[in-house]
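Engineer: fold the stuff below for me.
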Amino acid sequence: MESRKELLKYLAPTSDAPLNFEVSHAKGVHIYSPDGSSCVDLISGIAVANTGHAHPKVIAAIQNQAERFTHVMVYGEYIQSPQGEYAQALVAMLPSSLNTVYFVNSGSEAVEGALKLAKRATGRHEILAFKKAYHGSTHGALSVMGDERLKQPYRPLLPGITHAEFNNETALDNITEKTAAVLVEPIQGEAGVIAPKDNFLAKLRSKCNETGTLLLFDEIQTGFGRTGNIFALEKYKATPDILILAKSLGGGLPLGAFIADHPLMEKLALNPVLGHITTFGGHPLSCAAGKAALDVIIEEKLVEQVNEKGALFKKLLQHKLIKELRGEGLFMAIQLESFDQAQAFMHLGVKLGFLTDWFLFCENAVRLAPPLIITKKEIEKVSEKILAALDQIDTNS
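Structural biologist: Numbering: from 1, shown residues only. Reported below is the predicted structural model:
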């Protein structure tokens, strides 16, 4: 195999300081290097590997589908059983108003499709989003991102976007009869795992009802059991008009979706037709993998174990450098004192045998979001490694 240096010559960079952890293979909660060493994956590929890596039932579903057919036609033109069966399974777990699935390729595209649908259905163009929110990197998704530093180099972006403070009721004042959509993460991810307070999501729902505004939930990170419910909308008892999914939706393969009521969704198909179109959206391999992963979550009762496992992490991870360990279920942030501590923690983790990551809009915290299949014994072992890393940082400071 070529050296890492040689391989990196041909790949576009995303930053000037990537972690550059080289992967040989992955299994369960472990990712292995070519030298045979392994690390516990504490970020699940950023909320993707909820059922772990290379789950045998997911692998079997991919193999079986690959033998039948892969891509045959752009999304929506042919009847493909992997798409229909997965959509049926998803809808069965959602409120009755979320009954029609549009499969796309990614979270960014799902956000784009949802924004287009909101504008098309309401005839309005103003959108309310929230500060420190991340919804993707395409132009529309970037427009609703809640961080000016990442957006400024790419302006002009979409007009009519307002950003408000999450968990602040003054945000409601921005929702009017001119607002097409309110886009919100039920739990803010890249802000450092910030949960809603004082029925904030229910208040958004009520104000949207008053103004005829569509409420959009970005559950790209919170979906499929990560917060202790299959979807966070159950936890906070607020139903959006459009639900946006991706990441773990594909069982480890690329897949996104936006889900709405049929009369709403069909507006993309009429006057004009092809209101949204995608070549690889709902790829049969991705749908087969996603359906298998959802089956695993249900059959192995993973959601029912999430809160207990999260509580175990919180019990074990007591250290003077940890200013706060917050979150829901297995979607948590370890708050440290500084960006330098967070960076040191990440690099020490690789040496000590665990992988974590920082947050885009909370640079002095690190992510704790392992696969839902992680066992209590594995939690105990990796918590010892986390504490050892913190001890070393404390000694060196």
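
Engineer: and the strands in the stretch 201-350 of the chain, which stretches?
Structural biologist: All strands of the stretch 201-350 of the chain, identified by DSSP state E, counting those that start in this stretch, fall at 214-218, 242-245, 256-260, 324-328, 331-335.

Engineer: list the contacts of the residue nearest in space to the middle of the chain.
Structural biologist: Centroid check for the chain by Cα atoms, centre = their mean gives residue 221 as the closest residue, at 2.2 Å. Taking Cβ atoms under 8 Å, 6 or more residues apart in numbering, we find residue 221 in contact with 46-47, 185, 187, 189, 247, 331, 369. All C-beta spots, glycine's among them, are computed from the backbone N, C-alpha and C.

Engineer: could you check how far stretch 259-267 is from the centre of its chain?
Structural biologist: 23 Å (Cα atoms, centre = their mean, to the nearest Å).

Engineer: 238 is where my numbering starts, stick with that
Structural biologist: Sounds good: first residue 238 from here, last item stretch 496-504.

Engineer: hmm, who's touching that stretch?
Structural biologist: 327-328, 331, 334-339, 354, 357-358, 451, 478-482, 512.

Engineer: cool, stretch 422-437 as well?
Structural biologist: 284, 367, 369-372, 383, 403-404, 406, 438, 454-459, 464, 469-470, 472-473, 475, 563-565, 568-570, 572, 596-599, 602, 604.

Engineer: thinking again about what came up before, can you redo the strands of the stretch 438-587 of the chain as CSV with mean pLDDT?
Structural biologist: Formatted as CSV, these follow (pLDDT from 0 to 100):
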stretch, mean pLDDT
strand 451-455, 98
strand 479-482, 98
strand 493-497, 98
strand 561-565, 97
strand 568-572, 98
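
Engineer: need the pLDDT of residue 286.
Structural biologist: Per-residue pLDDT puts residue 286 at 98.

Engineer: okay, domains of this protein per the record?
Structural biologist: Listed by automatic domain parsing, the domain ranges of the chain are 241-292+538-633, 293-536.

Engineer: distance between the ends of stretch 404-413?
Structural biologist: Separation of the first and last residues of stretch 404-413 by Cα to Cα, to the nearest Å is 18 Å.

Engineer: check contacts around residue 396.
Structural biologist: residue 362.

Engineer: the longest helix belonging to the chain vs strand 568-572, what angle?
Structural biologist: Criterion DSSP state H: the longest helix present in the chain is helix 613-633. Counting by axes from the mean of the first three to the mean of the last three Cα atoms, to 10 degrees, helix 613-633 lies at 20 degrees to strand 568-572.

Engineer: quick check: buried residues in helix 613-633?
Structural biologist: Neighbour-count burial for helix 613-633 flags 615-616, 619-620, 622-624, 626-627, 630 (criterion: 16 or more other Cβ atoms under 10 Å).

Engineer: which stretches of the stretch 438-587 of the chain form helices?
Structural biologist: 469-473, 499-502, 521-536, 539-553, 576-589 (DSSP state H, counting those that start in this stretch).

Engineer: any chance of those in CSV, plus mean neighbour count and distance to residue 345?
Structural biologist: Output for those, formatted as CSV (neighbours: other Cβ atoms under 10 Å; distance: least, Cβ to Cβ, whole Å):
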stretch, mean neighbour count, distance to residue 345
helix 469-473, 21, 20
helix 499-502, 15, 19
helix 521-536, 23, 15
helix 539-553, 17, 26
helix 576-589, 17, 25
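
Engineer: what about those helices, which gets the closest to residue 250?
Structural biologist: Proximity to residue 250, assessed across the helices of the stretch 438-587 of the chain by Cβ to Cβ, is greatest for helix 576-589 (17.6 Å).
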